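Visitor: A predicted structure for the sequence below; I have some questions about it.
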Amino acid sequence: MSSFSYRNGITSKGVGVKFDNNSSKSSSSSFKSKVQSTGSGIRRSSTGSVGGGGGGGSTKDDSAVSGRVRVAVRLRPRNAEEMVADADFADCVELQPEVKRLKIRKNNWDSDTYEFDELLTEFASQKRVYEVVAKPVVESVLDGYNGTIMAYGQTGTGKTYTLGRLGEEDTAGRGIMVRALEDILAEISPETDAVSVSYFQLYMETIQDLFDPANDNISIMEDPRNGDVSLPGVNLVDIRDQNSFVELLRIGEAHRFAANTKLNTESSRSHAILMVHVKRSVKGKNSSLSSESTGKTLKAPIVRKSKLVIVDLAGSERVEKSGSEGHTFEEAKSINLSLSALGKCINALAENSAHVPVRDSKLTRLLRDSFGGTARTSLIITIGPSPRHRGETASTIMFGQRAMKVENMLKIKEEFDYKSLSRKLDVQLDKLIAEHERQQKAFQDEVERITLEAQKRVAEAERNYADALEKEKLKYQKDYADSIKKLEEQWAAKQEKHGHRKVKVGQADDGIDQKSNSELSTSGEVAEIKKTLQNETLLRKAAEAEVNNLRNQLIQWKKAEAARNAEISNLHKLVEDEAHQKATLEEEIAILRSQLLQISFEADQTRRNLDIGRNGELSGSLDSLIPQVKHQQPKDSGDGEKGSMVKLFEQVGLHKILSLLESEDADIRIHAVKVVANLAAEESNQEKIVEAGGLTSLLTLLRSSNDETIHRVAAGAIANLAMNEINQELIMSQGGISLLSLTAANAEDPQTLRMVAGAIANLCGNDKLQVKLRAEGGIRALLGMVRCRHPDVLAQVARGIANFAKCESRAISTQGTKAGKSLLIEDGTLPWIVQNANNEASPIRRHIELALCHLAQAEANAKDMINGGALWELVRISRDCSREDIRTLAYRTLKSSPSFQAELKRLRIDYELNRGVFPHRRRNHSTDCA
Ligand code: ADP
Ligand code: MG
């Protein structure tokens, strides 16, 4: 662990304590302390080393810890020349490492004593120097903080030795750069993390890439939002292993040497800067977008980006001497510039001064985060022992003392890795869709199979039943016919017998014998008939049983059929359930897609912001609103994302997306409105959205929702739709102006106001809607929004006013001189217009300049404009405006207005003069009238 302790700078001002050891004057006490600056006590205690040992792990994104710049002093051993030349003299300094004090001899009896964070004697090894000075900074960088290690001292005192030695012949000699990279590479994991380096030198305020010396005019970019500096022109090399890094350093060193030889300089006059960029993904800490419908959590990995800057400064003697050593004037000035600016900044920071002249030099701009910024900074002061350089050594030590008072606020910078989340989501989505399609297909196949089977079975049963019935019928018909035939035969036989008997009775009438004979034959017949009857009865019973049997069979068949029907209706129900599930799945997919879209949207925005930052351009260009939404897709991935938007449109369906606007779930509503806003940014979608009732839904959302995000996004979508004339009329007829005005009155977020102002500004450009727009409070709403001073909002307000004024001036050409006073002036916009006519943000200025020219077209406005000071703005525009067309327009307008001409004449300003007399674009022009 490090003995280079980090102390909290809670007693905000560092306390410089100097010990005067004046043995001749104070005999009673050899140690007389004299407090030099404000504050009290000796800097000694070591409370809570800030993150020095990896304490950064618990630090949250926004929290910052204070961390003072740590300063160590390293004394170089006497060199061969000094051994001889200074043989009879003592060293000019004496180090007392155990009490962390350094004494610098003033003369034989008097010396000054200073405290430092660490003192490294001439015997200190490179390893110890690394551990004491650099290691805590490297550990912080690995934890996600920015870090700086800088060496300051006279040429020849060991700055390059301490920082840049490669130690190829002897590993013990390796300097801080090599050791730092070794520690970083050992710590990071190659799968998730990345390290890259750039190496450049700053000489005479020119930055030269030491990996590519021909690249020697590199400019510094600053992110206007957070002040982060970057060097887009410099080579950034990915580092995977230690050997390739050492090789790179060697190349850089050789280039530095060669470049300086060519320039006829020495390396001691240039500042060499190694920048190590570390990107690490943070494990176990993720942003989560929960989606209730899926019950799953989508995670965007968090990455920490930090930067280690190692600075080998030019020799400090240059501050004083560069002018006197035969340098050219330019060179002397430039060599001085960066180092002396650094000294000034450190003085200002040490004294808590309100103004720190960071912008005075490239070096101080580059080191903005290192001193007074968010980085952990260690400074190593290198000194030599020779008494001949006492003055130089003393001033070097004073620099170190002042640097000890500089407080930094350490901060971790984390960001979400939306790109990789988006990739993950894409894969997940593809899987879900494929799985869903597969299930659906399998299910349909199964339903088809079961239906076929059932149909087959029913047909078979019906056939069997019909066959059996037919067979039975035939059998009974046959049996019946047989029985009838038998009965007929019996009947015929009986008849025959009767006929015989009658004959016999008629022929012989001898009493009892005959009678008994006939009785006998009759009883025989009866028995026979009885038998037949019994037979018949039996047959009938059998037939009845058969019929019962058949009936039972029929009932059974019917039952079977009913069961089959039940099965079929069950299957139908299953089909319905599946369809329902499918609908739910589709809804989930829609939500997932909208989330994905939202995430890629945000990722793009972040990327675009970064791009803007990199290019150093201020956002809020002239029509910032529309292009911003339109150009969401950066060139590289644009097609893919546009494609996915179209796909979403087709697959989910506009109506579905619009219906999600009314979802109960606030999250879904927000996602849906964002998706609609994205779609509305494409001109080709606008008509469809309006046709499907999207505009009405968006206006309803403005009315019904209390959520500012919804207001912002809905207003953005409306602003996009309001680019089209038909939609403008629709918006007006649906009470859009009062809704937008209400939203504007309640909004706090500048982005919401920007969207609302953008929407109204678009409406302002429609000639037919002017009167209605004004009557419903549109102009007053615009004016009300200037309470938010955000330049983007002001630019939209100015655009609206310019649009409105343009329409009014167009109307003059039809109405002629009858045209009345401008509604803009009636509604009191003139003072704001005049106030902002020379606004430093060019989009605002341009719109207002145009508005003024348009207003000046109507004579009815002239009096108000003269009284309100607008005339002077017009005069100024006609002379100074950098845009020729506006300048000419203003000039012509002034010339053609009798009222303005009269006023100028009254004030004896001869505006008829040739325009060439007025130099254009001259600031502080003498046109001010007051
Ligand atoms: P600077 O970069 O400050 O001009 P250098 O690092 O080039 O100084 O050092 C000048 C000379 O002193 C070099 O020859 C170097 O090897 C030697 N030197 C510097 N510091 C030490 C040290 N701590 N031990 C031994 N030699 C050193
Ligand atoms: Mg050097």
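Guide: Received it, and whenever you're ready, just let me know what you need. Ligands and ions are numbered 1, 2, ... in the order given.
Visitor: any idea which helix is longest in the protein?
Guide: helix 511-615 (DSSP state H).
Visitor: as a whole number, average confidence for that helix?
Guide: Averaging pLDDT along helix 511-615 gives 80.
Visitor: what does stretch 232-241 give?
Guide: On average, stretch 232-241 scores 95.
Visitor: mind listing the strands for the stretch 251-400 of the chain?
Guide: 271-291, 296-312, 376-383 (DSSP state E, counting those that start in this stretch).
Visitor: name the helices or strands packed onto the shortest one?
Guide: In terms of contacts (3 or more Cβ pairs under 8 Å, 6 or more residues apart in numbering; DSSP states H and E), strand 376-383 is packed against strand 70-75, helix 135-143, strand 147-153, helix 159-164, helix 390-403, strand 407-411. All C-beta spots, glycine's among them, are computed from the backbone N, C-alpha and C.
Visitor: Alpha carbons only: can I get it in PDB?
Guide: What follows is strand 376-383, C-alpha atoms only, in PDB (Å, rounded to 0.1, in the frame of the first residue of the first chain):
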ATOM      1  CA  ARG A 376      -6.800  12.900  -8.900                       C
ATOM      2  CA  THR A 377      -3.500  14.600  -9.400                       C
ATOM      3  CA  SER A 378       0.100  13.900  -8.200                       C
ATOM      4  CA  LEU A 379       2.900  16.300  -8.800                       C
ATOM      5  CA  ILE A 380       6.500  15.300  -8.600                       C
ATOM      6  CA  ILE A 381       8.900  18.100  -8.100                       C
ATOM      7  CA  THR A 382      12.400  17.200  -9.300                       C
ATOM      8  CA  ILE A 383      15.400  19.100  -7.900                       C
END
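Visitor: Specify the angle between it and strand 147-153 in degrees.
Guide: Here strand 376-383 runs at an angle of 20 degrees relative to strand 147-153 (axes from the mean of the first three to the mean of the last three Cα atoms, to 10 degrees).
Visitor: Check whether strand 376-383 comes near ligand 2.
Guide: No: using Cβ under 5 Å from the ion, strand 376-383 never reaches ligand 2; the gap is at least 9.4 Å.
Visitor: among the strands of the stretch 251-400 of the chain, which is nearest L429?
Guide: strand 296-312 (10.7 Å; Cβ to Cβ).
Visitor: Any buried residues in the closest one, and which?
Guide: 298-304, 306-312 (16 or more other Cβ atoms under 10 Å).
Visitor: Of those residues, just say which sits nearest to ligand 1.
Guide: D312 (6.6 Å; Cβ to the nearest ligand atom).
Visitor: How about the contacts made by that closest one?
Guide: A151, K159, T160, L163, G164, H271, A272, I273 (Cβ atoms under 8 Å, 6 or more residues apart in numbering).
Visitor: likewise Q857?
Guide: Counting by Cβ under 8 Å, 6+ apart, Q857 touches E808, S809, I812, T893.
Visitor: doesn't E826 make contact with the first one?
Guide: No: E808 is beyond contact range of E826, at 11.0 Å (criterion: Cβ atoms under 8 Å).
Visitor: If you count surrounding residues, which of those two has more?
Guide: Using other Cβ atoms under 10 Å as the criterion, E808 and E826 rank with E808 on top: 25 against 13.
Visitor: so that one, which of the three states?
Guide: Using DSSP: H, G, I helix; E, B strand; the rest coil, the structure places E808 in helix.
Visitor: Can you give me the pLDDT of it?
Guide: 90.
Visitor: Leaving aside the residues adjacent along the chain, what's closest to it?
Guide: S822 (5.5 Å; Cβ to Cβ, 6 or more residues apart in numbering).
Visitor: repeat for A560
Guide: Closest residue to A560 apart from its sequence neighbours, by Cβ to Cβ, 6+ apart: A461 at 6.2 Å.
Visitor: Run through the residues that contact the one you found.
Guide: W557, A560, E561.
Visitor: Near the second one, how many residues? Count them for me, please.
Guide: This means A560. 14.
Visitor: Quick check: V406 touching I346?
Guide: Yes: V406 is in contact with I346 according to Cβ under 8 Å; the separation is 6.1 Å.
Visitor: Need the overlap of contacts for those two.
Guide: With Cβ under 8 Å, 6+ apart as the test, V406 and I346 both reach F371.
Visitor: for the helices and strands packed on strand 376-383, which one sits closest to ligand 1?
Guide: Short answer: helix 159-164, nearest of these by Cβ to the nearest ligand atom, at 3.3 Å.
Visitor: Return the list of helices and strands in contact with that closest one.
Guide: When contacts are defined as 3+ Cβ pairs under 8 Å, 6+ apart, helix 159-164 sits against strand 147-153, helix 176-187, strand 296-312, strand 376-383.
Visitor: Show me what that helix is in contact with.
Guide: Contacts of helix 159-164 (Cβ under 8 Å, 6+ apart): 74, 76, 126, 129, 149, 151-153, 175-177, 249, 253, 267, 272, 310, 312-313, 315, 380, 382.
Visitor: swap the cut-off to 7 Å and go again
Guide: By Cβ atoms under 7 Å, 6 or more residues apart in numbering, the residues outside helix 159-164 that reach it are 74, 129, 151, 153, 175-177, 253, 310, 312-313, 380, 382.
Visitor: just those now: which is nearest A715?
Guide: Nearest to A715 among the contacts of helix 159-164 is I310, at 48.6 Å by Cβ to Cβ.
Visitor: Bridge partners for the nearest residue to the closest one once chain neighbours are set aside, pull those for me.
Guide: The spatially closest residue to I310, leaving aside those adjacent along the chain, is L274, at 4.4 Å (Cβ to Cβ, 6+ apart). Per DSSP bridges, residues listed as beta-bridge partners of L274: Y199, I310.
Visitor: show me what contacts L274?
Guide: Taking Cβ under 7 Å, 6+ apart as the test, what L274 contacts is M177, V197, Y199, I310.
Visitor: Just the pLDDT for the second one.
Guide: In the prediction, the pLDDT value recorded for V197 is 97.
Visitor: Flag every residue of this protein that's near ligand 2.
Guide: Counting by Cβ under 5 Å from the ion, the chain sits next to ligand 2 at K159, T160.
Visitor: Which one of the residues in the chain is closest to ligand 1?
Guide: Closest point on the chain to ligand 1, by Cβ to the nearest ligand atom, is G158, at 2.7 Å.
Visitor: The longest helix of the chain - contacts with which helices or strands?
Guide: For helix 511-615, the contact count by 3 or more Cβ pairs under 7 Å, 6 or more residues apart in numbering; DSSP states H and E identifies strand 271-291, helix 418-507, helix 638-652, helix 666-680 as packing neighbours.
Visitor: can I get the ones you listed in CSV with distance to D117 and mean pLDDT?
Guide: Formatted as CSV, the helices and strands packed on helix 511-615 follow (distance: least, Cβ to Cβ, whole Å; pLDDT from 0 to 100):
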stretch, distance to D117, mean pLDDT
strand 271-291, 23, 77
helix 418-507, 41, 86
helix 638-652, 52, 54
helix 666-680, 51, 85
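Visitor: and these, which is most packed in?
Guide: helix 666-680 (a mean of 23; mean count of other Cβ atoms under 10 Å).
Visitor: relative to helix 666-680, how tilted is whichever helix or strand comes after that one?
Guide: Where DSSP states H and E defines the elements, the next helix or strand beyond helix 666-680 is helix 683-691. Counting by the same axes, to 10 degrees, helix 683-691 lies at 130 degrees to helix 666-680.
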